[in-house]
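Peer 1: Got a sequence here, can you build the structure:
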Amino acid sequence: MRTALISHNPANRRLILIFSGWSTIPAFYSDISAPGWDIKVVYDYSSAEFDVECISGYSTIYVVAWSLGVVAAEIAARHFGSSAIAAAFAINGTLSPADDEMGIPKAIYEGTRRTLSIDNLRRFRRRMAPSPISEAEFISDSDADAEDAILRLQRELDSLHLSIPQPCLPWKRIYIGLNDRIFPAGNQLKAWSSLEIHPQIITLQEGHWMPLQKIISEITPDHSRIARRFSRAVTTYDGNAPAQQHIARRLAAKLPGTFRGADGIDLLEIGPGSGRLTRELAEILHPASATFIDLYPLHSFGIADRETYITGDAEDWMETAPSDSFDIVASASTIQWFADPLRFFRNVRRVLRPGGIFLCSTFLPGNLAELDVLRPSPLLYRSREEIESMLQPLFHSLQLEEEIIPMDFPSPREALLHLKLTGVGGGSKATVRNLLTSLPDRPRLTYVCLYIRAYK
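Peer 2: Sure, this is the predicted structure:
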């Protein structure tokens, strides 16, 4: 396998590793970008060898695999190890690429391999997408080495002609095109549903090719855009966020009595925003010091003798924070935005002093599910089981509690206004129009919350 660098910034410590679709070259992906992430493309599957140096130095890696790139990613993972990958996303592919029930029908796969030619490759491209794709984006059939390219593509089909019974990569979301003419949608659904893992499956009215830029933008929230949205909502947040205020109050109440009123407490709060959790904690604590970090500048809270305010990415900042520095790390309704929760949890443990406590709330799959059918790619929520499996090796006396918080609104407009004034947002103008016309007359929005309390 070969790798090409598409987008790079020396400051980036996150990487999206795209496993390309068969017969595509890196130029096909040249316009893909994600703020704060480097982009690399893996291609040429004629060899199973993978250079692990291409992923070294990154703190968080996402795999995005399209078509035969799905099984290629699993082959490569045998070299770099699944623990190096924070999340993996499959697009119109399975772990059984040549399979009558869970992949491309065997006769078609074998026929393509055996009779591959420039003309057959053109026919494959026409089936791949509903509209013609530029020849420049694929292996050029006018190249003097076109025959060599065909031989290499045949070798790729040979090397990928296998079935992997259970994946090692952490597949989180599967995109399936209902109009796929390469991997039949029914076969994909059966393949992913038969595995022991249970990734989120999203079906779309698309063909085999899906716009990867749109998908990558969905799975890698733009922190600068999030910061703008929530900073605009600071003055309206508290008056329009009863669910979040309820969550903050319940989370603060989980602080054990041994910390209440204790002297010399050092507090770290992640994502305080308008200060809803901060104020709740201030009623039962007077810390000696408090450190606050958020994506946008904060106003002074005045709850501690010494206060430090940091504007930046909490996931990255936690990597540099000194060990054994805080007695309490607290965060309410924030970490669902994080790209790599496990990395964050490890750093929470590192910065806590022995006996320190971690108080946190986040949201689970099913959160705001009423909107999912109208915007089919919601935020990537981790399940309770997944979060618990991350926390258990790091903390003791772990307590997890779920709560469902329904909110009823007199009209769709009021529901969308709630989302806007709390910074959650309603999406694009087209999405907002769709929500306004599709939500019931008296809609309900349901928050699905998880409370975490754990000790170092």
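Peer 1: pLDDT weak spots in the stretch 351-456 of the chain?
Peer 2: In the predicted model of the stretch 351-456 of the chain, residues 373-378, 421-435 satisfy pLDDT under 70.
Peer 1: mind listing what the residue lying closest to K254 once chain neighbours are set aside touches?
Peer 2: Of all residues beyond its chain neighbours, the one nearest K254 is R453 (4.9 Å), with distances taken as CB to CB, 6 or more residues apart in numbering. Every residue, glycine included, has its C-beta placed from N, CA and C. By CB atoms under 8 Å, 6 or more residues apart in numbering, R453 lies in contact with K254, I357, F358, L359, S397, L398, Q399.
Peer 1: Show the subsequent helix or strand relative to the top helix by length along the chain.
Peer 2: Of all the segments assigned as helix in the chain under DSSP state H, the longest by residue count is helix 146-159. Once the chain leaves helix 146-159, the next helix or strand it forms, by DSSP states H and E, is strand 171-177.
Peer 1: List of residues touching that next one?
Peer 2: 87-92, 185, 188-189, 192, 197, 199-208, 210, 215, 219, 380.
Peer 1: residue contacts, the residue nearest to D305 when sequence neighbours are not counted?
Peer 2: On the basis of CB to CB, 6+ apart, the spatially nearest residue to D305 that is not a chain neighbour turns out to be A288, at 5.5 Å. Taking CB under 8 Å, 6+ apart as the contact definition, A288 lies against D263, G264, I265, D266, A304, D305, R306.
Peer 1: What's opposite the last one in the beta bridge?
Peer 2: Looking back up the chat, that one is R306. The residues listed as beta-bridge partners of R306 by DSSP bridges are S289.
Peer 1: isn't it right up against F292?
Peer 2: No: the pair R306 and F292 fails to qualify as a contact (CB atoms under 8 Å) at a distance of 11.8 Å.
Peer 1: Just want to know which of these two has more residues nearby.
Peer 2: Between R306 and F292, counted using other CB atoms under 10 Å, the more crowded position is F292 (23 against 10).
Peer 1: State the distance from that one to T278.
Peer 2: In this structure, F292 and T278 are separated by 7 Å, where distance is defined by CB to CB, to the nearest Å.
Peer 1: Would you mind listing the residues touching both of those two?
Peer 2: With the criterion set as CB under 8 Å, 6+ apart, the overlap between the contacts of F292 and T278 is E269, P272, F301.
Peer 1: rewinding a little: is my assumption valid that the residue nearest to K254 occupies a position in a strand?
Peer 2: Yes: assigned with DSSP: H, G, I helix; E, B strand; the rest coil, R453 falls within a strand.
Peer 1: Could you give the bridge partners of it?
Peer 2: Counting by DSSP bridges, R453 is bridged to L359, Q399.
Peer 1: what's the spacing between it and L359?
Peer 2: For R453, the distance to L359 under the criterion CB to CB works out to 6 Å.
Peer 1: Same check on A34?
Peer 2: Shown here: A34 relative to L359, a distance of 31 Å by CB to CB.
Peer 1: Would you check that F409 makes contact with P440?
Peer 2: No: counting by CB under 8 Å, P440 is not a contact partner of F409; they are 9.8 Å apart.
Peer 1: who's more crowded, these two?
Peer 2: Counting neighbours by other CB under 10 Å for F409 and for P440 shows that F409 has the greater number, 18 against 11.
Peer 1: Identify the residues contacting the residue nearest to the more buried one when sequence neighbours are not counted.
Peer 2: With CB to CB, 6+ apart as the criterion, F409 has its nearest non-adjacent residue at 4.1 Å, and that residue is A415. For A415, the set of contacting residues under the criterion of CB under 8 Å, 6+ apart consists of F409, L435, L439, P443, L445.
Peer 1: can we see that at 6 Å?
Peer 2: Taking CB atoms under 6 Å, 6 or more residues apart in numbering as the definition of contact, the neighbours of A415 are F409, P443, L445.
Peer 1: Let's see which of these end up in strands.
Peer 2: If you go by DSSP state E, the contacts of A415 have L445 in strands.
Peer 1: Need the contacts of A415 in TSV (columns: distance to H8).
Peer 2: Rendered in TSV, the data for the contacts of A415 read as follows (distance: CB to CB, whole Å):
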residue	distance to H8
F409	45
P443	44
L445	40
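Peer 1: Could you check how far P184 is from I303?
Peer 2: For P184, the distance to I303 (CB to CB) stands at 59 Å.
Peer 1: contacting residues around L342?
Peer 2: Listed by CB under 6 Å, 6+ apart, the contact set of L342 reads M390.
Peer 1: quick revisit: ChimeraX command for the buried members of the contacts of strand 171-177?
Peer 2: This is how ChimeraX selects the buried members of the contacts of strand 171-177, with burial counted by 16 or more other CB atoms under 10 Å:
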select :87,88,89,90,91,92,185,188,189,192,199,200,202,204,206,207,208,210,215,219,380
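Peer 1: Not counting its neighbours along the chain, what's nearest D100?
Peer 2: Nearest to D100 is K106, by CB to CB, 6+ apart, at 5.6 Å.
Peer 1: burial count for the one you found?
Peer 2: Close neighbours of K106, defined as other CB under 10 Å, add up to 13.
Peer 1: Surely it touches P97?
Peer 2: No: contact status for K106 versus P97: not in contact, 10.0 Å apart, counting by CB atoms under 6 Å.
Peer 1: about what we covered before: and the residue nearest to F409, which of the three is it?
Peer 2: State at A415, reduced to three classes by three-state DSSP: helix.
Peer 1: what separates it from A369, distance-wise?
Peer 2: Separation of A415 from A369 (CB to CB): 13 Å.
Peer 1: repeat for I328
Peer 2: To A369, I328 is 32 Å away according to CB to CB.
Peer 1: who has more neighbours, these two?
Peer 2: In this view I328 and A369 are compared by other CB under 10 Å, and I328 has more residues nearby, 22 against 12.
Peer 1: Low-confidence stretches in this protein?
Peer 2: Low-confidence segments of the chain, defined by pLDDT under 70, are located at 129-145, 226-227, 229-240, 373-378, 421-435.
Peer 1: For the residue nearest the centre of it, grab phi and psi.
Peer 2: By CA atoms, centre = their mean, the chain has its centre lying nearest to I219, at 4.3 Å. Taking degrees, to the nearest 10, you get phi -90, psi -10 for the backbone angles of I219.
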